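pasting the structure only:
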């Protein structure tokens, strides 16, 4: 039934015993269903929401449908909000969204792992756009993880990878912010100030944490391109390093130097040319034990590091590629 609500529509605490049909309706003001109980199916398909659709602490006994599967228009306007916080859902597999744009923070404090998402576009998935000054950041991380499980169970592996990354990144970006800062921004309720302050905190480099290095090296095993770039940087870094340290050179006569310089090469070893260093590094990173052998302690240390870091980064790259396409 098509109905237009120009102002706030208050259904708080209402009990809907029969089927509820708001299809083709418009909510231009807040639609308040807090504490409502839906005994039968509720249909919100082809519904346009311009403000807030709030189901705080509502109870859903049967199915609920959202989206625009028929004409593919919009269900939620750019500034619209949706909330299921603390809702009781008896059959989460009957909560469906079809051909609609959603935002991850709309699923705070609700278990979305079994919801049905069909042809959904996740708009503004970044942590900065989904953090709220009124909710602890840990809740956003949980929402991301629930959405990741949902996507993976339904074979949307690329989407699952994105949400897993965001769940980990929420912890990294918000860890260490002082509780007093959270309290202040909750009091003043200024999202813009909140985001600016959080960007300042996020700018720190927590290189003493293993999770920071995991993020830097491969985006928590979810960013294949980043893992490839880091692997390439490791390769080139060690190749350049091998042009500055000494290796044992078997053909001494190939050196056109004085006897003094010849003795120096014998004592400290001879650096590799850049072209040779590139192939030499590749051999070290693939456990080939190429020649020549490192002569100095510095060269030995660099070869050991290349033997450890190269294969480790290659494994992170393989993991990131695998997570993009298979479970």
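It's in. Worth saying up front: this structure is predicted, and the values here are computed from it rather than measured. Numbering: from 1, shown residues only.

what about residue 221, how many residues close to it?
Around residue 221 there are 22 other residues, counting by other Cβ atoms under 10 Å. Quick note: C-beta positions are derived from backbone N, CA and C, even for glycine.

Residue 97 in helix, strand or coil?
strand (DSSP: H, G, I helix; E, B strand; the rest coil).

Go ahead and confirm it touches residue 122.
No - if you go by Cβ atoms under 8 Å, residue 97 and residue 122 don't touch, sitting 10.6 Å apart.

Neighbour count: the two, which is higher?
Neighbours per residue, other Cβ under 10 Å: of residue 97 and residue 122, the larger number sits with residue 97, 23 against 16.

what bridges to that one?
residue 66, residue 117 (DSSP bridges).

Renumber starting at 43 from here on
In the new count, where the first residue is 43, that last one comes out as residue 139.

Relative to residue 276, how far out is it?
Going from residue 139 to residue 276 by Cβ to Cβ, to the nearest Å gives 42 Å.

Over to residue 204?
Distance from residue 204 to residue 276, by Cβ to Cβ: 25 Å.

For stretch 130-148, measure first residue to last.
In stretch 130-148, first residue to last residue: 15 Å (Cα to Cα, to the nearest Å).

my bad, stretch 81-93
25 Å.

Can you verify residue 85 is assigned to a strand?
Yes - remark: residue 85 belongs to a strand, assigned using three-state DSSP.

Might one say that it is in contact with residue 60?
No - shown here, residue 85 and residue 60 do not form a contact pair, counting by Cβ under 8 Å, at 11.8 Å.

out of those two, which sits in the more crowded spot?
For residue 85 versus residue 60, neighbours defined as other Cβ under 10 Å are more numerous around residue 85 (18 against 9).

looking at the sheet around the more buried one, what are its partners?
Residue 85 has these beta-bridge partners by DSSP bridges: residue 63, residue 107.

Am I right that residue 177 falls within a strand?
No - applying three-state DSSP, one finds residue 177 to be coil, outside a strand.

And the nearest residue to it once chain neighbours are set aside, its phi and psi?
Counting by Cβ to Cβ, 6 or more residues apart in numbering, residue 177 lies nearest to residue 150, which is 5.9 Å off, once chain neighbours are set aside. Reported as degrees, to the nearest 10, the phi and psi values for residue 150 are phi -70, psi 140.

burial count for residue 150?
Using other Cβ under 10 Å, residue 150 has 21 neighbouring residues.

go on, residue 331?
Residue 331 has 10 nearby residues by other Cβ under 10 Å.

Next one: it, what pLDDT does it get?
Note on residue 331: pLDDT of 88.

swap in residue 339?
Looking at residue 339, its pLDDT is 90.

Could you check how far it is from residue 207?
Going from residue 339 to residue 207 by Cβ to Cβ gives 40 Å.

Just want to know which of those two has more residues nearby.
Set side by side, residue 339 and residue 207 show more neighbours around residue 207, with 23 against 10, by other Cβ under 10 Å.

residues contacting that one?
Neighbouring residues of residue 207 by Cβ atoms under 8 Å, 6 or more residues apart in numbering: 261, 262, 264, 265.
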